[in-house]
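S.K.: take this sequence and fold it.
(chains A and B)
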Amino acid sequence: MSMKLKPIPFAMGIAILVVLGIQGCTSTSPGKGQATVATTDTTRSIAGYFNEATTKINYPDAEGFIQRWSLLEPINKPNRSNTVFTDSYLREAFNTVYFPNQFTIIPKNGEKVKVGEQELTWHALESKKFNVKLFRFAYGLRKPIYGVLFWAVTVINCPEEMKNVRLAAGSNSASMWWLNGSEALLLSGDRRMVMDDGISNRLTLKKGKNILRGAIINGPGMSDFCVRFLDENGQPIRNITITNE
Amino acid sequence: MKSKINILSLTAIFALVFSGRLAAQIGKPFIHDPSTIMQCEGKYYTFGTRGGGLISEDGWTWNEGGVRPGGGAAPDVVKIGDRYLIAYGATGGGLGGGHNGRILTMWNKTLDPKSPDFKYSEAIVVASSDGQEDCDAIDPGLLLDPTDGRLWLCYGTYFGFIRLVELDPTTGKRVEGNKAIDIAIDCEATDLIYRDGWYYLLGTHGTCCDGANSTYNIVVGRSKKVTGPYLDNMGRDMIKGGGKMVAGAGWRVNGPGHFGLLDLGDGVQKMSCHYEADLDQSGRSVLGIRPLLWKNGWPVAGDNFREGTYEIESERRGYALELAVDFVRMPGGMRGFNRNNDEPIKPVPSQQLSDVINTWPAGNTQVRIGDYMFRPHQKWTISPATDGGGYPGGPYFKIVIAGTERALAATADAEVITVPTFTGAPEQLWRIDQLIDGTYRIMPKVVPGSNEKYALISLGDSTPTLGKFDFNSDNSKWNFRSH
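M.R.: Presented below is the predicted three-dimensional model:
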């Protein structure tokens, strides 16, 4: 049970129990198909989840997940519950202009934007995981973690035109995705991240640069997303490179 | 005033039962995050969030009375030897409640609070989360591995990973040196079961704790190793959000969560859960018990048997249980050859009960099995019996020829007949369990003068009797078809 709507008062009385016999959790490097030993991840840093993006050639991972992104620090968007994330609410929330050139910007690392009273910074990063853990991004940067709206941008470089591809995304919670300025996918509702949760209609990745933009909104919850492109046979597309510019 | 309320409550319950809409249990089955149902000294027990639990004499009528100290959330129970090990989450689970969870275990020799042996051992912490890491140590699920006797505990919620640790089955403590393993993400209320060489990780997706709007649903992935990876039917790892649906909303209940397996043997498995809301019971969170079916190696929730008028089809040959009466021909004969194809087409009415009932004998009448012709002597109306009691997942039913009170009944010599009028006698009450393969077992509540637990059997293609149930024989299996 995870109560997202209100505090759990019964938790209070038990907290004084003495922790005995707890085994430490240490990190190991899991191989494919091997058990993943849990890691402690309590340091308030993004280092456990992200590397700073470089200019080295970057491909999607073995399953096609895109790991290089420019992420904007979270915009405050207070929502006590995710039950408000209806299609209409989201279309309004995602189409509201929060900062200049919101739907065209290809941000540089460190570039700042002003959203109301907030001054927010774009970070060019590479996720160490298949998914982009926005909660850890915000937490590590000591930014708001709940009641937030994230913007993400990446550039897909195609060696040739690719027709009939599909964008496959999962997000916690709702999200919207645009490819080259056109809406490609909306994931609505109180949603947890599932790979290939929502799939776009058939799209064309043009030869050269393609701009993929996403907005992810969450009330309480561990915000994250995972995105990849699938070919017309449903196989992940890996013969593309990912840049921040 | 009080008695008036009670009468009204009972009336409401009966009205629900008879309407066939009640999808959950009766009594006061109000619970959230129920543990796996345990049988102890002839009774059924389940424990829920905030302490306490439900007790049932028969598995159908549930009331409060279970005792579990420690408060907290979402316990689970496993029987090891002659003791019960209870695990529960002490804290965590919410935005305001924080994510610094702790899982504790404790023992009891009995679950019956009235027993002199009823005494919980001191609870010990076996897993925890510090409130910041990618895990919230609540919602424990226990598995005693039937292959090697090792004891496993899964836990966690939407806040990060579902984790797996190993416990010592003799002490209930964490195995020394054991390291937690991440096995899933973005689900909660997990439980592990084992079947035919596969470990199954059941988890709950969707929104919790929002009543009629809760989208809780139970999903599953499986692995050849208890440590994972747990993949769904599409090959997606549950650590990437994968999961195949086991149970969702329907029949005016929504938000099933917190899977538990109740294996009754003989191919009868039930799954327990809570429904976030039962719209027939004030939208409250209630205990649910449903058949658990297995299709192509995957568990899926069946539906509890619902009243209606059915053909009772033998799995043996496909023939139908019928009243042993004269076959009454419908008017007309072969209408295929040498007809004018330009004649107007018109429907031919089905044979009606009134067309044939006067040809039937008045007293006790034999039943047999015959090829189904959708005739009145082959149509059975099945409905919950008043005051008949129940069993896990359902009430006892009366089975009568549609439009009559002529009822199916067991005899003292373990045969099956019909009696002219349903009286509610126990030999006229029938238990209907959906089996793991989707067919059904049909059992009289009693065989008069006998303690045998017999089932309706196809002795021959055309001959029913009562006998020992054999899951491996199609003689023992039936289908209910509405057509």
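
S.K.: buried set for stretch B:412-420?
M.R.: By 16 or more other Cβ atoms under 10 Å in any protein chain shown, the buried positions in stretch B:412-420 come out as B:414-419. C-betas here are computed from N, CA, C, even on glycine.

S.K.: same thing with stretch A:116-135?
M.R.: Residues A:120, A:122-127, A:129-135 are the ones in stretch A:116-135 that count as buried (16+ other Cβ under 10 Å).

S.K.: and B:Ile138, helix, strand or coil?
M.R.: Here B:Ile138 is recorded as coil under DSSP: H, G, I helix; E, B strand; the rest coil.

S.K.: could you find the closest non-adjacent residue to it?
M.R.: B:Gly89 (3.2 Å; Cβ to Cβ, 6 or more residues apart in numbering or on different chains).

S.K.: residue contacts, that neighbour?
M.R.: By Cβ atoms under 8 Å, 6 or more residues apart in numbering or on different chains, the contact list for B:Gly89 reads B:72-75, B:101-104, B:137-140, B:155.

S.K.: mind redoing it with 7 Å?
M.R.: Under the criterion of Cβ atoms under 7 Å, 6 or more residues apart in numbering or on different chains, the neighbours of B:Gly89 are B:72-74, B:101-103, B:137-140.

S.K.: which of these are buried?
M.R.: Buried subset of the contacts of B:Gly89 (neighbour count, 16+ other Cβ under 10 Å): B:72-74, B:101-103, B:137-140.

S.K.: what's the closest of these to A:Glu73?
M.R.: Closest approach to A:Glu73 among these (Cβ to Cβ): B:Gly101, at 28.6 Å.

S.K.: A:Leu212 looks like it's in a helix, true?
M.R.: No: A:Leu212 is assigned strand when assessed by three-state DSSP, not a helix.

S.K.: wait, it sits on A:Thr154?
M.R.: Yes: using Cβ atoms under 7 Å, A:Leu212 is in contact with A:Thr154, at 5.2 Å.

S.K.: which residue ranges of chain A form helices?
M.R.: Counting by DSSP state H, chain A has helices at residues A:87-95, A:134-140.

S.K.: picking up where we left off before, export the buried residues of stretch A:116-135 as CSV, with columns for distance to chain B and pLDDT.
M.R.: CSV is the format used below for those (distance: Cβ to the nearest Cβ, whole Å; pLDDT from 0 to 100):
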residue, distance to chain B, pLDDT
A:Leu120, 23, 98
A:Trp122, 25, 98
A:His123, 20, 98
A:Ala124, 24, 98
A:Leu125, 18, 98
A:Glu126, 18, 98
A:Ser127, 13, 98
A:Lys129, 10, 97
A:Phe130, 7, 97
A:Asn131, 8, 98
A:Val132, 13, 98
A:Lys133, 8, 97
A:Leu134, 13, 98
A:Phe135, 9, 96
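
S.K.: mind checking pLDDT for B:Ala90?
M.R.: pLDDT for B:Ala90: 88.

S.K.: where does chain A dip in pLDDT?
M.R.: A:1-34, A:39-42 (pLDDT under 70).

S.K.: about what we covered before: most widely separated two among the buried residues of stretch A:116-135?
M.R.: A:Leu120 and A:Phe130 (25.6 Å).

S.K.: run a quick neighbour tally on residue 38.
M.R.: Let's take chain A. 26 (other Cβ atoms under 10 Å in any protein chain shown).

S.K.: wrong one, I was asking about chain B
M.R.: 21.

S.K.: equivalent analysis for B:Asp387, please.
M.R.: By other Cβ under 10 Å, 9 other residues sit near B:Asp387.

S.K.: residues in contact with it?
M.R.: Neighbouring residues of B:Asp387 by Cβ under 7 Å, 6+ apart: B:Gly424.

S.K.: can you give me the buried ones in stretch B:302-316?
M.R.: For stretch B:302-316, burial by neighbour count (16+ other Cβ under 10 Å) applies to B:302, B:304-307, B:310-316.

S.K.: quick check: next helix or strand after the helix or strand in which B:Cys273 is found?
M.R.: Following DSSP states H and E, one finds B:Cys273 within strand B:268-278. Once strand B:268-278 ends, the next helix or strand along the chain (criterion: DSSP H and E) is strand B:284-295.

S.K.: tell me if that following strand is near chain A.
M.R.: No: against chain A, strand B:284-295 shows no contacts by Cβ under 7 Å from any Cβ of the partner chain, the least distance being 10.2 Å.

S.K.: list the buried residues for that strand?
M.R.: Result for strand B:284-295 [16+ other Cβ under 10 Å]: buried residues B:284-294.

S.K.: related to what we said a few turns ago, so which of the buried residues of stretch B:302-316 are in helices?
M.R.: Per DSSP H, the subset of the buried residues of stretch B:302-316 in helices is empty.

S.K.: OK, contacts around A:Ala38?
M.R.: A:25, B:135, B:161, B:163, B:179-182.

S.K.: quick one: the strands in the stretch 151-300 of chain B?
M.R.: B:151-155, B:161-167, B:181-185, B:188-195, B:198-205, B:217-223, B:244-247, B:253-265, B:268-278, B:284-295, B:298-301 (DSSP state E, counting those that start in this stretch).

S.K.: now tabulate the contacts of B:Gly89 in CSV and tack on pLDDT and distance to A:Ala168.
M.R.: Formatted as CSV, these follow (pLDDT from 0 to 100; distance: Cβ to Cβ, whole Å):
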residue, pLDDT, distance to A:Ala168
B:Gly72, 89, 39
B:Ala73, 90, 34
B:Ala74, 94, 33
B:Gly101, 91, 33
B:Arg102, 94, 38
B:Ile103, 96, 35
B:Ala137, 94, 32
B:Ile138, 94, 31
B:Asp139, 96, 29
B:Pro140, 97, 33
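
S.K.: measure A:Thr83 to chain B for me?
M.R.: 6 Å (Cβ to the nearest Cβ, to the nearest Å).

S.K.: for that residue, give its distance to B:Gly53.
M.R.: 29 Å (Cβ to Cβ, to the nearest Å).

S.K.: okay, these two: which has more neighbours?
M.R.: Neighbour count, other Cβ under 10 Å: between A:Thr83 and B:Gly53, B:Gly53 has more, with 24 against 18.

S.K.: the more buried one - nearest residue in space that isn't next to it in sequence?
M.R.: Nearest non-adjacent residue to B:Gly53 (Cβ to Cβ, 6+ apart): B:Gly66, at 2.5 Å.

S.K.: which residues does the nearest residue to B:Tyr230 once chain neighbours are set aside bridge with?
M.R.: Of all residues not flanking B:Tyr230 in the chain, B:Gly221 sits nearest, at 3.5 Å (Cβ to Cβ, 6+ apart). Beta-bridge pairing of B:Gly221 under DSSP bridges involves B:Leu201.

S.K.: circling back: which of the contacts of A:Ala38 scores worst on pLDDT?
M.R.: The member of the contacts of A:Ala38 with the lowest pLDDT is A:Cys25, at 31.

S.K.: mind listing which of the buried residues of stretch B:302-316 are in strands?
M.R.: Mapping the buried residues of stretch B:302-316 onto strands (DSSP state E) picks out B:310-314.

S.K.: any idea of the mean pLDDT for stretch B:317-331?
M.R.: Per-residue scores along stretch B:317-331 average to 96.

S.K.: in contact with the residue nearest to A:Cys226 when sequence neighbours are not counted, which residues are there?
M.R.: Leaving aside its sequence neighbours, A:Cys226 sits nearest to A:Asn131 (Cβ to Cβ, 6+ apart; 4.0 Å). Going by Cβ under 7 Å, 6+ apart, A:Asn131 touches A:193, A:224-226.

S.K.: check A:Tyr139 too.
M.R.: A:44, A:145.

S.K.: so where do the strands sit in chain A?
M.R.: Ranges of strands within chain A are A:36-37, A:50-52, A:68-76, A:112-115, A:118-127, A:148-158, A:162-172, A:174-179, A:182-187, A:198-199, A:203-205, A:208-218, A:224-230, A:241-243, based on DSSP E.

S.K.: closest one to B:Gln366 among the ones you listed?
M.R.: strand A:198-199 (59.1 Å).
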